[in-house]
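*Asks:* only the shape, not the letters, is given here:
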């Protein structure tokens, strides 16, 4: 058995396919390895949407090295802690800058208050992301097209047709043709593990003559898809283009020119159309993350509880990985004959799913509840929701996918309120406690079991260029210490 370690602590990978099926070799390695090494606590981290294998490995190495340095300084029990990285099929678009997971401060600060702040707090320049200066193209280059075709094979024909349209001069008929290809792609690749209240059934086709649809009713069963698919595409893509500009995303000045207006309302529109496709692929990966958690990681945690009932599980997720571990926690069951579920803490870093996910009743539809309503009460420990208002991916672009026909496209605050994400707002409608990051991390005694805590990480999660902002800026000693404090893996300050 290969002895793999990060920061001196034992480390395992868990690999899942798009259907949520685990790689049996990685499962066997974890189950046997955890028992052999006498592991009492496993910290499980799941990456987000914009990671390929190399980027995910870089995240795990950076995050766990900081965490391991902290816990090893905190006491001798560090040797009984194991680390797990979850690999699931989410692919970064090649034209996006690779996230910079280099810690902003010291590599492995000590425990306690001195290890939480110091030079690391707020360090590093805003906008520090690799490759942010190269202008984006309006079309799909071959590398991006091939990545998308491999990630969504069922949607390959529609992708090819959209790529062809993006190489033409935009006209209204072509923009509407792109919109219908986008719809077909969505229906062919829909996962069926959607969120709560942020999607709507979608008709198979929409024509310009029909105009926007206020209440689409499909003839038969249809997957729940982003409401933006039923919006006038010219208006929608112009909105995406405007937001790209507002976030200072590098664009080809020759292709975009000045702002679209009455003289040329379609100028630069393909940039907005391409961004709509990008956000749709993220939406589909959001469903995939839920499936991998529900049918893959969750049942595996139940197996682990049966094989090693004394092992405590601490789940950590970034972006859509936060959704993955949340659905896994919801699916995990106690060991046979046991009364306690195996998940002892849940820490969500810039979670890219609905802020109402844990709500027992949706404020805009009280007869419905969030998809994970009641989950905090089923965690044998605290739930920590870290959010940052520097996260442009969640604060600006995430809500646009749910823009519905009839919504005021200019009412951005109302849009984010209705369709907002956990990682930008925190959890809503669940009686969450509000804490600063420093207060939350200064001792597990401040974090109540079976309760949600909204942890404001804005002062720390702040680095990142356009258009995603600080979405991936999560490798900080303050955040790793929060994971340890929430799991009771370090002693509270005396």
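*Replies:* Perfect, I can see it now. Keep in mind that what you see is a predicted model, and the values were worked out from it rather than measured.

*Asks:* got any ranges where the stretch 201-350 of the chain has weak pLDDT?
*Replies:* Scanning the stretch 201-350 of the chain with the threshold set as pLDDT under 70 gives 201-224, 253-264, 336-339.

*Asks:* could you list the buried residues of stretch 168-187?
*Replies:* For stretch 168-187, burial by neighbour count (16 or more other CB atoms under 10 Å) applies to 170, 174-187. Every C-beta, even on glycine, is put in place using the N, C-alpha and C of the backbone.

*Asks:* where exactly do the strands run in this structure?
*Replies:* Ranges of strands in the chain, per DSSP state E, are 5-6, 9-15, 41-46, 81-87, 200-201, 224-225, 312-318, 343-349, 383-387, 433-436, 452-456.

*Asks:* which residues in the stretch 201-350 of the chain form helices?
*Replies:* 233-246, 253-256, 269-291, 298-307, 320-331 (DSSP state H, counting those that start in this stretch).

*Asks:* redo these as TSV? Include distance to residue 35 and mean neighbour count.
*Replies:* Below are the helices of the stretch 201-350 of the chain laid out as TSV (distance: least, CB to CB, whole Å; neighbours: other CB atoms under 10 Å):
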stretch	distance to residue 35	mean neighbour count
helix 233-246	50	21
helix 253-256	58	13
helix 269-291	28	25
helix 298-307	7	20
helix 320-331	21	28
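
*Asks:* can I get these in CSV with distance to residue 393?
*Replies:* Shown next, in CSV, are the helices of the stretch 201-350 of the chain (distance: least, CB to CB, whole Å):
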stretch, distance to residue 393
helix 233-246, 11
helix 253-256, 21
helix 269-291, 9
helix 298-307, 26
helix 320-331, 11
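
*Asks:* for those helices, which one sits closest to residue 392?
*Replies:* helix 233-246 (8.8 Å; CB to CB).

*Asks:* check residue 447 and give its pLDDT.
*Replies:* We have a pLDDT of 89 for residue 447.

*Asks:* any idea how far it is from residue 90?
*Replies:* Remark: distance between residue 447 and residue 90 (CB to CB, to the nearest Å) = 29 Å.

*Asks:* one more: residue 241?
*Replies:* Taken as CB to CB, the span from residue 241 to residue 90 is 25 Å.

*Asks:* re the thing from before, out of the strands of the chain, which is closest to residue 425?
*Replies:* The nearest among the strands of the chain, by CB to CB, is strand 383-387 at 6.2 Å.

*Asks:* and the closest one, what does it pack against?
*Replies:* If you count contacts as 3 or more CB pairs under 8 Å, 6 or more residues apart in numbering; DSSP states H and E, strand 383-387 packs onto strand 343-349, helix 422-425, strand 452-456, helix 477-486.

*Asks:* from the chain's centroid, how far away is that strand?
*Replies:* Offset of strand 383-387 from its chain centre (CA atoms, centre = their mean, to the nearest Å): 13 Å.

*Asks:* residues making contact with that strand?
*Replies:* When contacts are defined by CB atoms under 8 Å, 6 or more residues apart in numbering, strand 383-387 is touched by residues 345-351, 358, 375-376, 422-427, 432, 437, 440, 447, 451-458, 461, 479, 482, 486.

*Asks:* helices of the stretch 51-200 of the chain, start to end?
*Replies:* For the stretch 51-200 of the chain, applying DSSP H, counting those that start in this stretch gives helices covering 53-74, 113-116, 142-151, 156-166, 172-189.

*Asks:* got the buried residues for the fourth one?
*Replies:* Read it as helix 156-166. Buried, per 16+ other CB under 10 Å, within helix 156-166: 156, 158-159, 161-163, 165-166.

*Asks:* let me know the closest of the residues you listed to residue 295.
*Replies:* residue 156 (24.6 Å).

*Asks:* any idea of the pLDDT on the closest one?
*Replies:* At residue 156, pLDDT is 96.

*Asks:* who are the contact partners of it?
*Replies:* Residue 156 neighbours (CB under 8 Å, 6+ apart): residue 149.

*Asks:* what does stretch 432-447 rub up against?
*Replies:* 113, 116-117, 381-382, 384-386, 426, 448, 451-457, 459-460, 478-479, 481-482, 485-488, 490, 492-493.

*Asks:* derive a PyMOL selection command for the buried subset of those residues.
*Replies:* The following PyMOL line selects those of these that are buried, judged by 16+ other CB under 10 Å:
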select buried, resi 116+117+381+382+384+385+386+426+451+452+453+454+455+456+457+460+478+479+481+482+485+486+487+488+490
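
*Asks:* hmm, residue 48 is touching residue 91, no?
*Replies:* No: with contacts counted by CB atoms under 8 Å, residue 48 stays clear of residue 91, the gap being 11.4 Å.

*Asks:* so between those two, which is more surrounded?
*Replies:* Shown here are residue 48 and residue 91; by other CB atoms under 10 Å, residue 48 has more neighbours (32 against 19).

*Asks:* quick one: residues contacting residue 15.
*Replies:* 22-23, 26, 87-88.

*Asks:* mind putting the residues you listed into CSV with pLDDT?
*Replies:* As requested, the contacts of residue 15 are arranged in CSV below (pLDDT from 0 to 100):
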residue, pLDDT
22, 96
23, 96
26, 95
87, 95
88, 94
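
*Asks:* from those residues, which would you call buried?
*Replies:* 22, 26, 87-88.

*Asks:* adding distance to residue 311, write those residues out as JSON lines.
*Replies:* Listed next are the buried ones among the contacts of residue 15 as JSON lines, based on distance: CB to CB, whole Å:
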{"residue": "22", "distance to residue 311": "17"}
{"residue": "26", "distance to residue 311": "17"}
{"residue": "87", "distance to residue 311": "21"}
{"residue": "88", "distance to residue 311": "22"}
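
*Asks:* and those, which two are furthest apart?
*Replies:* 26 and 88 (11.8 Å).

*Asks:* tally of neighbours for the closest residue in space to residue 312 that isn't next to it in sequence?
*Replies:* In space, and not counting its chain neighbours, residue 312 is closest to residue 344: 4.3 Å by CB to CB, 6 or more residues apart in numbering. Residue 344 has 22 neighbouring residues, counting by other CB under 10 Å.

*Asks:* hmm, back to that, going by distance to residue 467, which of the buried residues of stretch 168-187 wins?
*Replies:* For the buried residues of stretch 168-187, the nearest to residue 467 is residue 182 (19.1 Å; CB to CB).

*Asks:* just the pLDDT at the closest one, thanks.
*Replies:* 96.

*Asks:* how about the contacts made by it?
*Replies:* 158, 162, 229, 233, 273, 276-277, 280 are the contacts of residue 182 under CB under 8 Å, 6+ apart.

*Asks:* if we use 7 Å, what do you get?
*Replies:* 162, 229, 276-277, 280 (CB atoms under 7 Å, 6 or more residues apart in numbering).

*Asks:* could you list the domains of the chain?
*Replies:* 5-129+284-391+414-458+469-486, 142-283 (automatic domain parsing).

*Asks:* quick check: which of the ones you listed is buried the most?
*Replies:* domain 5-129+284-391+414-458+469-486 (a mean of 21; mean count of other CB atoms under 10 Å).

*Asks:* low-confidence ranges in the stretch 51-200 of the chain?
*Replies:* Looking at the stretch 51-200 of the chain by pLDDT under 70, you get 76-77, 100, 103-135, 192-200.

*Asks:* how does it look with 80?
*Replies:* Where the stretch 51-200 of the chain drops to pLDDT under 80, the residues are 51-52, 75-79, 91-92, 95-137, 191-200.
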